[in-house]
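Chemist: Build me a model:
(one chain, ligands or ions: 2)
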Amino acid sequence: MLGESRIQAAQRSAPYPLVARNGRAGTTRVRVGPVTIGGEEFVVAAGPCAVETEEQVRAAAQAVAQAGARILRGGAFKPRTSPYSFQGLGLEGLHLLSAAGRENGLPVVTEVLSAEDVALVARHADMLQVGARNMQNFPLLKALGTAGRPVLIKRGLCATLEELLLAAEYVVHYGNPDVVLCERGIRTFEGATRNTLDLNAVAWLKAATHLPVIVDPSHGTGLRHLIRPLSKASVAAGADGLIVEVHPCPALALSDGEQSLTPGDFGALMRDLGSSVPFEGRTLACPRPEAAGPRTKLCLQRLRERIDGLDEALVRLLVERARLAAAIGRTKRVSGLPIHAPDREDAVLGHVTSLAAGPFGPEEIARVFRTVMAETRRAEERE
Ligand code: PEP
Ligand code: MN
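Modeler: Ligands and ions are numbered 1, 2, ... in the order given. Okay, the predicted model is just below:
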């Protein structure tokens, strides 16, 4: 519990003073095992809606790890609308999930349904998920304050953003600063999709709070074929990561099969993200490169797919750049200005070399761009 003075301060300013951005720059970094959410890396959590069998969760874990997911998801205690639906494997599910995570080097996130279960779930999971139906379970939120594990709070089906932030405020106020928010779609009049993924929420939350925000496009749409476009839209809206449902055989899933990706779909999603995440100045984990033996071939294939995706983006960018350079050339000709502008070329080189990072120093970047500019000039001359 906080001291009296901070409570008084809370009443004077925003209703959620601990999670409000309040002029703070950047995002709070939340560590989930070895993974950091809210830093430079765009973090993808993936796995089945529910843990069903050992074979199923191990296959899902291996597939998502290999494609570059950083956290394994999977429900052991399932909040189901009908009492006759699969309720999850409970404790056995926790054991299977954490074993599959360990085997593939992934920390795990799983839902905790009640305050009484917090200690048990915290023993087996690296991150505790508050489901949408439980976002305003205040005893649960209070118990998570002392769980000793980071918390993922999913937005309630009909919850306002202020209510979501107040739910987060509970957890932080009761002692746990490691909270990540999740937009997972809300109820609207629209029936074509299971929920309406509210991307307003992502951009709004990023401005209103310093906590990381991730998106669940699986529950947000309910439809497998919408997950790729909405994932890319989430990146553009400023999300810090995604949580995605992946099942080795969605047709056999005991819950949420229609919105679960196959391992192949998930690989394709990660390839897409690999070429859109860098546009937001962020990084995406490489597909697991270290697997040897029977998995080597698939690892190489995944890495090459990511390179192919980036190459496509690079070529499209170069073409677009050349089109703009040609427009500059036309403008100069119309105005009778000299075509060649060495000062401008120096300025371009100065700009791009200032961005050098990773394996490329300013020298290497300058060499690449001298070639780009020379080839662009040659293309213009040909025209
Ligand atoms: C889930 O993640 O499987 C889940 C039940 O999500 P939500 O609480 O967002 O419906
Ligand atoms: Mn689900």
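
Chemist: Show the pLDDT at residue 11.
Modeler: We note a pLDDT of 51 for residue 11 in this prediction.

Chemist: The closest residue to ligand 2 within the stretch 51-200 of the chain pairs with what?
Modeler: Residue of the stretch 51-200 of the chain nearest ligand 2, by Cβ to the ion: residue 75 (6.7 Å). In this view, the C-beta of every residue, glycine as well, is placed from N, C-alpha and C. With DSSP bridges applied, residue 75 shows beta-bridge pairing to residue 50.

Chemist: Is it in contact with residue 50, as I believe?
Modeler: Yes. Using Cβ atoms under 8 Å, residue 75 is in contact with residue 50, at 4.5 Å.

Chemist: Residues that sit against both of those two, list them.
Modeler: The overlap between the contact sets of residue 75 and residue 50 (Cβ atoms under 8 Å, 6 or more residues apart in numbering) consists of 88, 93, 255.

Chemist: show me where pLDDT drops low in this structure?
Modeler: Regions of the chain meeting the criterion pLDDT under 70 cover residues 1-12, 289-292.

Chemist: Grab the most central residue of it for me.
Modeler: Nearest to the mean C-alpha position of the chain, by Cα atoms, centre = their mean, lies residue 241 at 1.4 Å.

Chemist: count of residues packed around residue 69?
Modeler: Using other Cβ atoms under 10 Å, residue 69 has 29 neighbouring residues.

Chemist: Spatially, what comes nearest to it if we skip its sequence neighbours?
Modeler: residue 46 (4.1 Å; Cβ to Cβ, 6 or more residues apart in numbering).

Chemist: What of residue 349?
Modeler: Once flanking residues are discounted, residue 349 sits nearest to residue 366: 5.4 Å by Cβ to Cβ, 6+ apart.

Chemist: which one of the shared contacts of residue 75 and residue 50 is nearest residue 141?
Modeler: residue 88 (21.0 Å; Cβ to Cβ).

Chemist: Is there a neighbour count for the closest one? I'd like the number.
Modeler: That count, for residue 88 with other Cβ under 10 Å as the rule, works out to 25.

Chemist: so how far is stretch 143-159 from its chain's centroid?
Modeler: Offset of stretch 143-159 from its chain centre (Cα atoms, centre = their mean, to the nearest Å): 17 Å.

Chemist: tell me which residues in it are buried?
Modeler: Residues of stretch 143-159 classed as buried: 143-145, 147, 149-156, 159 (neighbour count, 16 or more other Cβ atoms under 10 Å).

Chemist: what does stretch 114-126 give?
Modeler: Within stretch 114-126, the residues that count as buried by 16+ other Cβ under 10 Å are 115, 117, 118, 121, 122, 124, 125, 126.

Chemist: Just to be sure, the fifth one is in a strand?
Modeler: No. Assignment of residue 122 by DSSP: H, G, I helix; E, B strand; the rest coil gives helix, placing it outside any strand.

Chemist: returning to that earlier point: residue 315 versus the residue nearest to residue 349, what's the distance?
Modeler: Distance of residue 366 to residue 315, given as Cβ to Cβ, to the nearest Å: 21 Å.

Chemist: neighbour count winner among these two?
Modeler: residue 366 (17 against 10).

Chemist: That one is in contact with residue 353, isn't it?
Modeler: Yes. In this structure residue 366 lies within contact range of residue 353 using Cβ under 8 Å: 5.3 Å.

Chemist: for the residue of the stretch 51-200 of the chain closest to ligand 2, what are its contacts?
Modeler: Contacts of residue 75 (Cβ under 8 Å, 6+ apart): 48, 49, 50, 51, 88, 93, 110, 111, 255.

Chemist: Please pick the buried ones from those.
Modeler: By neighbour count, with 16+ other Cβ under 10 Å, these hold 48, 49, 50, 51, 88, 93, 110, 111, 255 as buried.
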